[in-house]
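>>> give the three-dimensional model of this entry:
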Amino acid sequence: MQNKEKGISEFDRRHNRQNTHDLKWRREGVESYLSQPIREDMIPMWIADTDFGCMKEIVDAVKKRAEHEIYGYCAPGKDFYSGIIFWEKARFQWDILPQWITALPSVVSGINIAIRAFTEEGDGVIIQTPVYDPFITIVKRTGRTPVYNCLKETNGHYEMDFETLEKQVQNEKNKMLILCSPHNPVGRVWTREELIRLAELCLENHVMIVTDEIHSDIVYGDNQHTPLLSLDRRYAEHFIHLSAPGKTFNVPGLKMSFSLIPNPEIKKAFEQMQLAMSLDIRNTFGVECIRACYTQEGIQWLSGLLSYLEANAELVSDFIASEMPKVKMRKPEGTFLCWLDFTDYGMSDEELLKRVNLDAGVICVPGAWFGEGGEHHLRLNIGCQRETLEQALGRIRKALES
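Purely as a prediction, here's the structure:
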């Protein structure tokens, strides 16, 4: 999408986020995150939000609601539910019903609720590392046991380890699997065949799957995201789907996500635990966001975003091939995250963090924080203006050369 006055993409327009409370650009927040002092001129490419302005319809909806001057407790109306129904049908050809939907503050809170509602302390929860690090911390903090099903990697391409998983799901202590789809940080978009094989294994062994599909809209090329529950009515009756507009439309601060749970008994148990955890309060502006973004205009805006992000991914891939050939990276199939492998430099994870995050001031997430298989990697967020991305890559190259 182009800005006709300036002749540039709206995604190239820079926003000064340093004068806000945005965590990504708060130096104090980054220093607390890494437990290290950070350069004042840091380039933050860590937390998974983007530096792009929201689509106009969201901004207008939030402004209009703000003008009301009263921000009391709220409840989603019919247009909230119809927006989600429209989006799932338009994007994934999935017909869902309003009674499946529960509003949540975040996908992570949904995972927390599900773990507490459907497992007991000491039960095993399977997670496919290297994976979004809150999966691991939530399992541990709830007194459950993380069971690691490490992804298999070949030349940067990751696949599920079904052979090990088959043994893990047969263990009666393992009651749940958390699926990241598309996968953060490795960028895989799972195929229908992979999803069906996973679901059948879990269904046969009475292991509940909770799917985090928050990156489902950010998919490139011929890759196609498929919601797990849409594949078979049996999956819809036993599993839980979690998603949100946060990554797609850059609105995580509006704290609005949702679950899709077709089974009424499972949904009732889920919502009872949600109430027990006091996670049932809705965000007034988050409700307005859902109404504004899950529309035909939202689909058009997303098309421009995907084109820009895919060009950013190509830029990183080409730069690494020509300027940093010892770094390995496979272009992501989905997400706005690049998974960089620095193994050939022979550095420890501590030295890698020092070179890139501290010396270069390019703030990436250390790969080891994603669990087994993340060693000697960094996760780079490419949801930024191309000028920023080029500057960051230049700094990383210089730090490695030194």
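
>>> in the helix or strand encompassing Leu309, what counts as buried?
Element membership for Leu309, per DSSP states H and E: helix 296-323. Burial within helix 296-323, assessed by neighbour count using 16 or more other CB atoms under 10 Å, is assigned to 298, 301-302, 304-306, 308-310, 312-313, 316, 319-320. Placement of C-beta: from N, CA and C, glycine included.

>>> could you say what helices and strands it packs with?
If contacts are counted by 3 or more CB pairs under 8 Å, 6 or more residues apart in numbering; DSSP states H and E, helix 296-323 sits against helix 56-66, helix 78-92, helix 246-249, strand 337-341, helix 386-401.

>>> so for Arg39, which of those sits nearest?
helix 386-401 (9.7 Å; CB to CB).

>>> tell me which residues of that closest one are tucked away?
Buried, per 16+ other CB under 10 Å, within helix 386-401: 388-389, 392-393, 395-397, 399-400.

>>> got the angle for that helix vs strand 337-341?
10 degrees (axes from the mean of the first three to the mean of the last three CA atoms, to 10 degrees).

>>> helix 386-401 to helix 296-323, inter-axis angle?
Using the same axes, to 10 degrees: helix 386-401 against helix 296-323 is 30 degrees.

>>> need the contact list for Ser402.
355, 359 (CB atoms under 8 Å, 6 or more residues apart in numbering).

>>> gap between it and Phe249?
Distance, Ser402 to Phe249, by CB to CB, to the nearest Å: 39 Å.

>>> what is the least confident helix or strand in this structure?
Across the helices and strands of the chain, mean pLDDT, DSSP states H and E gives its lowest value to strand 2-3, namely a mean of 46.

>>> count the neighbours of the closest residue to Met42 other than its chain neighbours for me.
Nearest residue to Met42, sequence neighbours excluded (CB to CB, 6 or more residues apart in numbering): Gly361, at 4.4 Å. By other CB atoms under 10 Å, the residues close to Gly361 number 18.

>>> over to the one 4 residues further on?
Counted with other CB under 10 Å, the neighbours of Val365 add up to 26.

>>> ditto for the one 3 residues further on
Using other CB under 10 Å, Ala368 has 20 neighbouring residues.

>>> was I right about it contacting Gly374?
Yes: with contact defined as CB atoms under 8 Å, Ala368 reaches Gly374; the gap is 5.2 Å.

>>> quick one: low-confidence parts of this structure?
1-8 (pLDDT under 70).

>>> residue boundaries of the strands in the stretch 201-350 of the chain?
In the stretch 201-350 of the chain, the strands defined using DSSP state E, counting those that start in this stretch lie at 208-212, 240-243, 257-260, 337-341.

>>> would you mind measuring from Gln385 to Ile218?
17 Å.

>>> who has more neighbours, those two?
Ile218 (25 against 19).

>>> which residues touch the more buried one?
Ile218 sits in contact with 182, 247-248, 306, 309, 334-336, where contact means CB under 8 Å, 6+ apart.

>>> and of those residues, the nearest to Arg39?
Phe336 (23.5 Å).

>>> tally of neighbours for the closest one?
29.

>>> for it, which residues are in contact?
48, 50, 218, 247, 309, 312, 381-383.

>>> export the biggest strand by length in the chain as CSV, just CAs?
The longest strand of the chain (DSSP state E) is strand 174-180. Provided in CSV are the C-alpha atoms of strand 174-180 (Å, rounded to 0.1, in the frame of the first residue of the first chain):
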residue,chain,number,x,y,z
ASN,A,174,1.8,-36.6,29.6
LYS,A,175,-1.7,-35.0,29.2
MET,A,176,-1.2,-32.0,26.9
LEU,A,177,0.9,-30.8,23.9
ILE,A,178,1.2,-27.1,23.1
LEU,A,179,1.6,-26.5,19.4
CYS,A,180,3.1,-23.4,18.0
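
>>> export the helices and strands packed on helix 296-323 as a markdown table, with columns for distance to Phe118.
Below are the helices and strands packed on helix 296-323 laid out as a markdown table (distance: least, CB to CB, whole Å):
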| stretch | distance to Phe118 |
| --- | --- |
| helix 56-66 | 34 |
| helix 78-92 | 23 |
| helix 246-249 | 24 |
| strand 337-341 | 29 |
| helix 386-401 | 41 |
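
>>> and of these, who's closest to Pro130?
strand 337-341 (8.2 Å).

>>> which strands and helices sit next to the closest one?
helix 296-323, strand 377-381.

>>> buried set for it?
337-341.
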